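Participant: Take a look and give me a structure for this.
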Amino acid sequence: MLKFSLLAGAALIAAPALAQTDPAATPAPQSRDIIVTAAVPQSERDVLQGTSVISGEELTRNLRPTIGETLARQPGVSATSFGPSASRPILRGFQGDRIRVLTDGIGSIDVSNTSVDHAVIIDPLLAERIEVLRGPSALLFGSSAVGGVVNVIDTRIPRTVPENGYRLNGIANYGSAANERSGGAAGDVAVGEHLVLHADGSYLKADDLRTGRGYLLSPSARAAALSQVGLPQDTDEPIDFAASAGLRNRLPNSAATTWTAGAGASIITDTGNLGVSYSHYDSLYGVPIRYATAVGQEQEAPRLSVVQNRVDLRGEVNTGGEWLDKIRIRAGQASYRHFELEEDGSVGTAFYNKGLEGRLEIVQANRGGWQGASGVQYFNRIFNVVGDEAFLPKNETNQTGFFTLQQYSAGPFRAEGGLRYELTDVAGRVPYGEDRFFGGTRHFEALSGSIGASYAIGDGIRIGLNGSRTERAPSAEELLANGPHAGTQAYELGSPDFRLEKSWGLEATLHAHGDGYSFDASAYYNWFTNYISENRVDPSVCLTRTDELDGLPCFQYQQGDARYYGFEADASVRLARIGDYTINADLLGDYVHANIVDLGPAPRIPPARVLGGIEAQGERLGGRVEVEHVFEQNRIAAFETPTSDYTMVNASASISPFGKDSKTSLLLSANNLFDVVARRHSSFLKDFAPLAGRDIRVTLRFGL
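Facilitator: Next up, the predicted model:
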């Protein structure tokens, strides 16, 4: 029920603030009963859909510069891994516009869904907790959330008055693989009885990433590059294919510098709160080189200069009425731009994005087991690409959604149903005389609904079944694209004639929690009609819309039928108690199978994987060893290459010198201990940019 609550319109309010969270305490299996405060608060174990919540030491141990890599060890989650600075989450094989990445219930308001080389403008260093919400009810955050939702909760708008009049939390981190130095701090101070002021900031500087002990290029890419050695090149700057094939251990052009700053204020009373915040994000990062493997291909080393300025609002009134319990409002507005810099520092292409998103929800009081929430959501985006590689026209998207969630509980039985009606307008703003792009407006009306039930078949054991019918409006990129796209190294061609993408979905869940053990599993199946996918086609298809392809392959967005199915499961068990220490073992696994009817396997689908660990937890000391095996991926689209399997071994040790109830901890972790070369199949750059090699990380958290 967590997901329905959130997606029905809750502006998420995390339970304890970061200053009140013990970062070094990982709960024992029997106590993983994490309450997520939303429109209708529920226990994580009672949700109908698969979900994950990461906080405390688990968040500290997995913390990376991007949200995608931070979450990549969660069940059902992978990452786009376009280098260490641009990695977006992938949920159940879905990425891009089919998942939503939120900050405190509102979109990140960036262009990360447009291309894999664009970073998500959310800093994990300042995250208090991250929630991964999967399944059909995630659609109540919008039709584009068919794959799920990632919600990052921070403390930028204070939710509580500090007990001592102030609170301060900080983190300092070092990672050896990229010589990464990073840190962040957040503080609140009470001014009078009801006003709380907030300030925060973070800084990260990283050098080029050190990869595993092996070649940068995959065996197939090396073979292709070496086959070009000695061939004539009609260019002033010939490519040294032998040198590219021989690159090892270090990923050129992957360094980054990022800093953020923010301030907020809240008025907090016994009957509600109202707060605002301002934040600034500034980053300069390199995009790993896609090395040429054939004569005539280009080989560039671009960098991205990114700036976002954002204002947020959150408010809640506790009415305490017989029918109406709460009224909530949440809104965010941001101005974003990034410049894609050439090797000489000049601006090649500029991306500009202005966005506004807001939602208002009314939460019903619980009457005889019946409760729910209803509301309205509005989203506006004005997006423009200027420069040599402008593959989209200036465009504007307006979307209004009306939603409701209703839940009913009676003893061991629980039921819930949700409905969303959404109106979307996508308009291409094309200058007079420019006939390459579509210059009209497309209007879509989408109706999505889901219904589910769960039943407690025993003490701590609950089974559930959900069904959904969803409709998604095509994005501006899918409708309007017509041009060379450097990030994906393709000439991309959309279609303004696309119809609504529709799907049916089923999901079965099992939650079993007891003294010393827990088990959560989900299995799902989705049938799509008018499914939109990007496929490589004959160059003549793109040449009907342009004079030349700039040496790029032609990729066209197409609609057809598709099938997705898979599962994710995780379990933990207490093995023993030895003195003050508890020994736990855990295991997770996930798998997704995706097929586009009449075309074959969908591209960039993560392969199956398993991850198991043994952990010791004590009052002041803790330790963990884990092994992750990712299987090979041979179910590939016609334009992909297979990806080999790999096994990573990680270990960590933590100390809380003042006890587990303190706010200070030191974590030492060693990741990829055996320095293996690992390639994530879902990455566009997997054949040129492996994952990090051996990475020794030291992280200090403190709080006052």
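Participant: C-alpha from now on. contacts and neighbour counts both.
Facilitator: Fine.
Participant: Count residues in the vicinity of D497, would you?
Facilitator: Residues near D497, counting by other C-alpha atoms under 10 Å, number 9.
Participant: tell me the contacts of it?
Facilitator: By C-alpha atoms under 8 Å, 6 or more residues apart in numbering, the residues touching D497 are L479.
Participant: try it again with 10 Å
Facilitator: For D497, the contact set (C-alpha atoms under 10 Å, 6 or more residues apart in numbering) comprises 442, 474, 479-480.
Participant: Those in helices, which ones?
Facilitator: Judged by DSSP state H, the contacts of D497 include 479-480 as members of helices.
Participant: quick one: which of the contacts of D497 is nearest I451?
Facilitator: Using C-alpha to C-alpha, the shortest approach to I451 within those belongs to P474, at 24.3 Å.
Participant: Tell me how far the closest one lies from D497.
Facilitator: 10 Å (C-alpha to C-alpha, to the nearest Å).
Participant: Which neighbours do these two have in common?
Facilitator: Joint contacts of P474 and D497 (C-alpha under 10 Å, 6+ apart) are 442, 480.
Participant: Confirm that R469 sits in a helix.
Facilitator: No - counting by DSSP: H, G, I helix; E, B strand; the rest coil, one finds R469 to be strand, located in no helix.
Participant: Can you report how many residues lie near the nearest residue to it once chain neighbours are set aside?
Facilitator: Here the nearest residue to R469 in space, its sequence neighbours aside, is W504; by C-alpha to C-alpha, 6 or more residues apart in numbering that works out to 4.7 Å. Neighbours of W504 under the rule other C-alpha under 10 Å: 19.
Participant: could we number from 47 for the rest of this?
Facilitator: Happy to do that; since the first residue is 47 now, the last one works out to W550.
Participant: and W550, what does it touch?
Facilitator: W550 makes contacts with 182, 494-496, 513-517, 571-575, 609, as judged by C-alpha under 10 Å, 6+ apart.
Participant: That one bridge partners, please.
Facilitator: R515, W573 (DSSP bridges).
Participant: where's it relative to Y610, distance?
Facilitator: 11 Å.
Participant: Residues in contact with both of these two, list them for me.
Facilitator: Overlap of the contact sets of W550 and Y610 (by C-alpha under 10 Å, 6+ apart) consists of 571-574.
Participant: which residue ranges form the helices in the chain?
Facilitator: For the chain, the helices defined by DSSP H occupy 48-53, 102-108, 113-117, 265-272, 287-291, 522-526, 585-589.
Participant: Buried residues, the last one. List them.
Facilitator: Meaning helix 585-589. 585, 588 (16 or more other C-alpha atoms under 10 Å).
Participant: what are the C-alpha coordinates of it, in CSV please?
Facilitator: What follows is helix 585-589, C-alpha atoms only, in CSV (Å, rounded to 0.1, in the frame of the first residue of the first chain):
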residue,chain,number,x,y,z
PRO,A,585,19.8,4.8,-43.5
SER,A,586,17.4,5.6,-46.4
VAL,A,587,14.6,6.0,-43.8
CYS,A,588,16.4,8.9,-42.1
LEU,A,589,17.6,10.3,-45.4
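Participant: contacts for that helix?
Facilitator: 528-529, 537-540, 592, 594-595, 598-602.
Participant: Please tabulate the shared contacts of W550 and Y610 in JSON lines, including the columns neighbour count, pLDDT and distance to A436.
Facilitator: JSON lines is the format used below for the shared contacts of W550 and Y610 (neighbours: other C-alpha atoms under 10 Å; pLDDT from 0 to 100; distance: C-alpha to C-alpha, whole Å):
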{"residue": "Y571", "neighbour count": "18", "pLDDT": "96", "distance to A436": "37"}
{"residue": "N572", "neighbour count": "20", "pLDDT": "95", "distance to A436": "34"}
{"residue": "W573", "neighbour count": "16", "pLDDT": "96", "distance to A436": "34"}
{"residue": "F574", "neighbour count": "22", "pLDDT": "97", "distance to A436": "31"}
